[in-house]
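Visitor: With the sequence up front, the predicted model follows.
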Amino acid sequence: MDQTFSLYLDLESGQIADLETVARVSLALSQAVKDIAKTIDPFAEIRVELESGTEGSLRLNTVFRLLKAAIPNRTTAKAVAILLLSWFSTDIRQYGVGQIMDHFYKDETGISDQQKNEIEKIVTDLLNKKTAEEHSEQIYKELDRDTAIKGVGASTSKTERPSAIVPRSAFSSRIPHQVVVEETTKTRTITAKQTLILINPVLVHSDRGWKFYYSGIEFTAKIADKKFLENAWSGKSRIPFKEGVHLSVELKTEEKKEGGVWIVKKRIVTRVLGVSTPPQQQSLNLPHSPDE
């Protein structure tokens with residue numbers, strides 16, 4: 001059974017959402033679903049399909065299609081949908097997993113109490129994980145770019161208006177790591193703590209930008225942290241340059257408003273806060289053969 005999920009963008013009267021913003025939100029949502037599914041079930045393969053979008057108040061109807069899983073009964077897709085619903089409630093801290101699940105299951109049949117308990121435990125654990133929190137922040141950051149969007153909600157219905165709408169005035173509270181340093185009518189500078197995946201380092205003394213990946217987007221950013229650069233170039237930092245290296249950084253983004261939409265003009269890593277790599281098995285404890 002596939003899982004439907006609808007993201008509802010409440011628009012200002014007479015305005016239409018910016019196409020690039022909608023595309024970035026869709027990509028951020030898709031990446032969130034895939035990463036969260038992998039957190040629940042490392043063997044999961046999930047496909048996020050856009051079924052339709054409607055104008056006026058824009059509704060992005062999607063389907064989470066589980067292609068492969070180790071956990072049975074579609075638990076993964078349901079848990080992802082419930083977690084996403086919690087992101088778009090009017091009060092994410094007080095709404096409660098139980099209330100969200102009651103809403104989720106009001107029209108569903110064939111779900112055992114045991115499965116409900118398993119899903120509730122998974123969702124509760126996910127709410128405390130940094131990965132899920134970062135994806136939620138990224139989606140709200142993208143929504144905040146477009147002033148035509150005055151609110152956002154979510155449901156598992158393709159037609160019903162969500163009962164809870166998060167107003168635009170509350171978007172900033174959903175992006176706790178974002179700090180607006182300076183803003184005028186046409187420019188702004190934002191500082192955010194983010195975890196980036198390293199794609200291409202620059203291993204020569206140069207101010208050229210390093211290439212990173214974050215939430216479905218590849219981009220280049222110069223590194224202004226001189227100490228980190230000197231340690232990287234000299235080998236003192238012992239950074240293993242291999243697939244899956246994550247850098248926790250303070251990222252400064254300079255944006256300019258063009259046609260009513262904030263466009264990224266420059267990204268700078270002001271500080272590197274930490275480096276992490278995926279776990280690696282050092283050896284296999286295999287039994288010795290009698291001849292050894």
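Guide: That came through, no problem. Numbers count the residues shown, from 1 in each chain.
Visitor: In three-state terms, how would T195 be classified?
Guide: strand (DSSP: H, G, I helix; E, B strand; the rest coil).
Visitor: and if you look at the one 10 residues further on?
Guide: Taking three-state DSSP as the rule, one finds H205 in the coil state.
Visitor: Let me see the contact set for it.
Guide: Taking Cβ atoms under 8 Å, 6 or more residues apart in numbering as the definition of contact, the neighbours of H205 are W233. For glycine as for every other residue, the C-beta is placed from the backbone atoms N, C-alpha and C.
Visitor: Quick check: the gap between it and L229.
Guide: 8 Å (Cβ to Cβ, to the nearest Å).
Visitor: Between those two, which contacts overlap?
Guide: Applying Cβ under 8 Å, 6+ apart, one finds that no residue jointly contacts H205 and L229.
Visitor: So which bits of stretch 158-169 are buried?
Guide: For stretch 158-169, a neighbour-count test (16 or more other Cβ atoms under 10 Å) marks 162, 164-166, 168 as buried.
Visitor: Spell out the residue ranges of the strands in the protein.
Guide: According to DSSP state E, the chain carries its strands in the segments 3-11, 45-54, 58-68, 149-155, 166-167, 178-183, 187-200, 210-214, 217-223, 246-258, 261-276.
Visitor: rank these by pLDDT, which is bottom?
Guide: Averaged per stretch, pLDDT over those is lowest on strand 178-183, reaching a mean of 65.
Visitor: show me the contacts for the spatially most central residue of the chain.
Guide: In the chain, the C-alpha nearest the mean C-alpha coordinate belongs to H135, at 2.0 Å (Cα atoms, centre = their mean). For H135, the contacting residues are 28, 31-32, 35-36, 215, by Cβ under 8 Å, 6+ apart.
Visitor: Show me these that map onto helices.
Guide: If you go by DSSP state H, the contacts of H135 have 28, 31-32, 35-36 in helices.
Visitor: Which single one of these is nearest to D125?
Guide: The shortest separation between D125 and any of those is 11.0 Å, and it belongs to I36 (by Cβ to Cβ).
Visitor: Count the neighbours of the closest residue to N61 other than its chain neighbours for me.
Guide: Once its chain neighbours are removed from consideration, N61 has its nearest residue in E51; the separation is 4.2 Å (Cβ to Cβ, 6 or more residues apart in numbering). Neighbourhood size, E51 [other Cβ atoms under 10 Å]: 13.
Visitor: Verify the stated contact: E51 with R59.
Guide: No. Using Cβ atoms under 8 Å as the test, E51 is too far from R59 to be in contact (9.9 Å).
Visitor: Identify the contacts common to those two.
Guide: With the criterion set as Cβ under 8 Å, 6+ apart, the overlap between the contacts of E51 and R59 is K158.
Visitor: didn't S172 look like it was pressed against E137?
Guide: No. Here S172 lies out of contact with E137, judged by Cβ under 8 Å, at a distance of 10.7 Å.
Visitor: Show me which of those two is the more surrounded one.
Guide: For S172 versus E137, the count of surrounding residues by other Cβ under 10 Å is larger for E137: 21 against 14.
Visitor: Check what pLDDT the more buried one gets.
Guide: Per-residue confidence for E137 comes out at a pLDDT of 85.
Visitor: follow-up on the earlier one: could you save the strands of the chain as JSON lines and add columns showing distance to K116?
Guide: What follows is the strands of the chain, written out as JSON lines (distance: least, Cβ to Cβ, whole Å):
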{"stretch": "strand 3-11", "distance to K116": "15"}
{"stretch": "strand 45-54", "distance to K116": "21"}
{"stretch": "strand 58-68", "distance to K116": "18"}
{"stretch": "strand 149-155", "distance to K116": "19"}
{"stretch": "strand 166-167", "distance to K116": "26"}
{"stretch": "strand 178-183", "distance to K116": "35"}
{"stretch": "strand 187-200", "distance to K116": "32"}
{"stretch": "strand 210-214", "distance to K116": "34"}
{"stretch": "strand 217-223", "distance to K116": "36"}
{"stretch": "strand 246-258", "distance to K116": "34"}
{"stretch": "strand 261-276", "distance to K116": "35"}
